[in-house]
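> Structure, please.
(2 chains)
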Amino acid sequence: MRPKDLATEAANTWCPGCGNFAILNAIKPVLAVLDEEGLVAIETVVLVSGIGCHAKIADYVNANSFYTIHGRTIPVATGIKLANPDLNVICFAGDGDAYAEGLDHLIFAAKRNVDITAIIHDNRVYGLTTGQYTPTSPSGFKGRSTPSGLEVPPINPLEMVSASGGTFIARGYSHGIDLLKEIFRSAILHRGFSFVDVLQVCATFFNLYDHYNQRVYALEGHDPLDRVRAEEKMREWDYDSDGPIPLGVFYKKDAPTFGDNFEEQNPRKIDIEDAINKTLERYI
Amino acid sequence: MPAQLVEGNTAVIVGAMYAGCDCFFGYPITPASEILHEASRHFPKVGRKFVQAESEEAAINMAYGAAAAGHRVLAASSGPGMSLKQEGISYIAGAELPCVIVDIARAGPGLGNIGPEQSDYNQAVKGGGHGCYRNIVLAPNSVQEMCDFTIKAFDLAFKYRNPAVILADGVLGHMVEPLNFPQTAVEPVIDPTWAVCGNRETRGNLVTSIDLDFKELEAHNLNLQAKYDRIRENEVDYEEYRIDDAEIVLVSYGISSRIAKSAVDAARREGIRAGLFRPVTLFPFPAEELKALAERGSGFISVEMSDGQMREDIRLATGCRDVGLVSRYGGNLIGRDEIMEKMREVA
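Numbers count the residues shown, from 1 in each chain, chains lettered A, B, ... in the order given. A predicted model of the protein is given here:
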């Protein structure tokens, strides 16, 4: 399979210069290669998107997909994964989606270590509704609903997911596709909840290309198993200060995933009637 | 001041500011976001509170809190956001707090699209959340009314200590018309007889929607129902156009009523005796007035951008089973010709 086999005929309506193109152009080759290598068959991939500009990615990749509700990508993905553990579920969500309307779900996915991948298109602005501040917008941000500048500082989603028990924490950038591909590949192959915050530039409402280009650098010689060092690196940039901004896989850990026990307790082939009778013994 | 050309969503904030609204809580959603933007521009300048909340649920619960403290609170959203707010609205209704909620409805179900539809009728008019409660629902059909009805909604919300909903749609929210600004501005005043202000005077006031005692909760429900009956008795509002000798009465609200009005004139030119009955309040629904028209022998056609959600209320009011329906879905406005066709069919 080649990346172009994953293209669709849907007309792309993202603005010119939108960072979503980089995410799209990174995920397609990654999925194509994983399929070629026999690691992740494309039939087993389910892409789950939320509401926001990012969500149209479901229309642009020729794979199973589920266009969900604003804020609810992660619970829908969790449902899909638990119902059919053979599937490889990848969520695409916006920063408004994952860090505002659906924040509780993100925290619980990390806490449970549900075996899905969440890729956050973090453009730090609500693009589809034309430019309001989000939880990762920097203080002072002048948007449609903050004409005098945002008064409150942003959250650092990496630290938040780490505090919630996340077992794979990474940051990418929509300029620099090779690193993005590398991160996506490791995230998909990680067993557990993989979280990737992608600094994805909204060219129309919050163009940060120049700002990022001067500040980003790729983590080198970093041991993602070292939690202390990982958290130091996560704190190096707080989404508000002037940088530098490290990119790459910050933290990685092997841990039991949510649903493992379901599998143990519910082997696929089972004498259903007998099992139900046993469970209900005291009531019948 | 001469009339100003403004958008419907802007007119809501103009009305709210003159009505003494001192708290706004919102979340971005098309086609209602301009209400959020206008509030963010103007509220802080006059010492009023504005928050873009982290979610639709957060916004309505902030409204719940500020309303409990006796403030004049506004929230605004569109269909999907209204669905999310229903839990909070039920609590506000149960706790009998005043609050104004603007619904700039869009096409559904589900994500649907951002075109206009009137399919939020049921979730606005019939309660919408859990439990037996009603919102007062006003349906403007012009930019002027987006402003005026916001003021009226605050009056009614405080008069009855009840949530009041402005039910509009994406066209009303975005269209631009001349607006005559209100003549007088209301100062926000907190009523210590029921509000919880964190002082000795209001210490005994209880704001709650929980009542674990079955008998007490039933009594509370009966009180609510009695209040809704008082609203039905006193607050019905409607508009009639060429209704006196009308054999066919178009019943239509909001943006559709303007198209229906032009269809009435066109039908009259063809010799069809048509008239328009436009409910201004959807709750309370002008049932008695429609019943009177039915008793004199008029036939009815409901003109609404939904699957006949209002038609059910017309049937209940008039006892007529064969109420016609002209409807469009999916963000499409009803065309005058579609209404004409239906009238020719039944005339």
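> Burial check on residue B:338, number of neighbours?
Residue neighbour count, defined by other CB atoms under 10 Å in any protein chain shown, stands at 17 for residue B:338. For glycine as for every other residue, the C-beta is placed from the backbone atoms N, C-alpha and C.
> Over to residue B:148?
Residue B:148, neighbours per other CB under 10 Å, totals 21.
> distance between the helix or strand containing it and the chain's centre?
Under the assignment given by DSSP states H and E, the secondary-structure element containing residue B:148 is helix B:143-160. On the basis of CA atoms, centre = their mean, to the nearest Å, helix B:143-160 sits 9 Å off its chain's mean C-alpha point.
> now do stretch B:185-204
For stretch B:185-204, the distance to the chain centre is 26 Å (CA atoms, centre = their mean).
> One more: stretch B:102-122?
In terms of CA atoms, centre = their mean, the centre of stretch B:102-122 is set 13 Å apart from its chain centre.
> ok, and does that stretch reach over to chain A?
Yes: for stretch B:102-122 and chain A, the contact criterion (CB under 8 Å from any CB of the partner chain) is met by B:110-111.
> List the buried residues of that stretch.
Neighbour-count burial for stretch B:102-122, counted by 16 or more other CB atoms under 10 Å in any protein chain shown, picks out B:102-108, B:111-112, B:114-121.
> May I have that stretch exported as CSV, CA atoms only?
Backbone C-alpha positions of stretch B:102-122 (Å, rounded to 0.1, in the frame of the first residue of the first chain) are rendered in CSV as follows:
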residue,chain,number,x,y,z
VAL,B,102,-30.8,32.5,23.6
ASP,B,103,-30.9,29.6,21.1
ILE,B,104,-29.8,30.6,17.6
ALA,B,105,-31.0,27.3,16.2
ARG,B,106,-29.3,25.4,13.4
ALA,B,107,-30.1,22.4,11.4
GLY,B,108,-30.0,18.9,12.9
PRO,B,109,-30.1,16.2,14.1
GLY,B,110,-26.7,15.5,15.4
LEU,B,111,-24.0,17.7,14.0
GLY,B,112,-26.3,18.7,11.1
ASN,B,113,-25.1,21.9,9.7
ILE,B,114,-25.0,25.6,10.5
GLY,B,115,-28.0,26.6,8.4
PRO,B,116,-31.3,27.7,10.0
GLU,B,117,-33.9,25.3,11.2
GLN,B,118,-36.7,25.5,13.7
SER,B,119,-36.2,22.0,15.0
ASP,B,120,-35.3,23.1,18.5
TYR,B,121,-39.0,23.8,19.1
ASN,B,122,-39.6,20.7,21.3
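> So what's the residue count around residue 228?
Reading this off chain A. Applying other CB under 10 Å, we find 7 other residues in the vicinity of residue A:228.
> hmm, I had chain B in mind actually
Neighbours of residue B:228 under the rule other CB under 10 Å: 18.
> residue contacts, it?
The neighbours of residue B:228, taking CB atoms under 8 Å, 6 or more residues apart in numbering or on different chains as the test, are B:134, B:284.
> any idea how far chain A is from it?
Computed with CB to the nearest CB, to the nearest Å, the distance linking residue B:228 and chain A is 32 Å.
> State the helix or strand in which that residue lies.
Judged by DSSP H and E, residue B:228 forms part of helix B:214-234.
> What residues of that helix count as buried?
Applying a neighbour-count criterion of 16+ other CB under 10 Å, the buried positions in helix B:214-234 are B:220, B:224, B:227-228, B:231-232.
> Ok, stretch B:125-140 next?
B:125-129, B:133-140.
> quick one: which of those sit in helices?
When these are checked against helices using DSSP state H, the ones located there are residue B:125.
> that older thread, please tabulate the buried residues of helix B:214-234 in JSON lines, including the columns pLDDT.
Conversion of the buried residues of helix B:214-234 to JSON lines gives the following (pLDDT from 0 to 100):
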{"residue": "B:220", "pLDDT": "97"}
{"residue": "B:224", "pLDDT": "98"}
{"residue": "B:227", "pLDDT": "98"}
{"residue": "B:228", "pLDDT": "98"}
{"residue": "B:231", "pLDDT": "98"}
{"residue": "B:232", "pLDDT": "98"}
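> can you redo the residues you listed as JSON lines with distance to residue A:33?
Conversion of the buried residues of helix B:214-234 to JSON lines gives the following (distance: CB to CB, whole Å):
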{"residue": "B:220", "distance to residue A:33": "63"}
{"residue": "B:224", "distance to residue A:33": "62"}
{"residue": "B:227", "distance to residue A:33": "65"}
{"residue": "B:228", "distance to residue A:33": "63"}
{"residue": "B:231", "distance to residue A:33": "65"}
{"residue": "B:232", "distance to residue A:33": "67"}
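> what sits up against the longest helix anywhere in chain A?
The longest helix of chain A (DSSP H) is helix A:20-36. With CB under 8 Å, 6+ apart as the contact definition, helix A:20-36 has outside contacts at A:1-3, A:5-7, A:14, A:40-42, A:45, A:53-54, A:56-57, A:60-61, A:63, A:90, A:92, A:119, A:121, A:172, A:174-175, A:177, A:180-181, A:184-185, A:188-189, A:198, A:200.
> helix or strand right after it?
Next along the chain after helix A:20-36, with elements defined by DSSP H and E, is strand A:45-49.
> quick one on the thing from earlier: filter the contacts of helix A:20-36 down to the ones in helices?
A:57, A:60, A:177, A:180-181, A:184-185, A:188-189.
> does any part of the helix or strand harbouring residue B:172 sit near chain A?
Using DSSP H and E, residue B:172 maps to helix B:170-174. No: Helix B:170-174 stays out of contact with chain A when judged by CB under 8 Å from any CB, the minimum separation being 12.6 Å.
> What is the helix or strand following that helix packed up against?
As assigned by DSSP H and E, the chain's next helix or strand after helix B:170-174 is strand B:176-179. Under the contact criterion of 3 or more CB pairs under 8 Å, 6 or more residues apart in numbering or on different chains; DSSP states H and E, the helices and strands touching strand B:176-179 comprise strand B:4-7, helix B:8-18, helix B:143-160.
> Buried deepest among those, which one?
Using mean count of other CB atoms under 10 Å in any protein chain shown, the stretch among these with the greatest mean number of neighbours is helix B:8-18 (a mean of 27).
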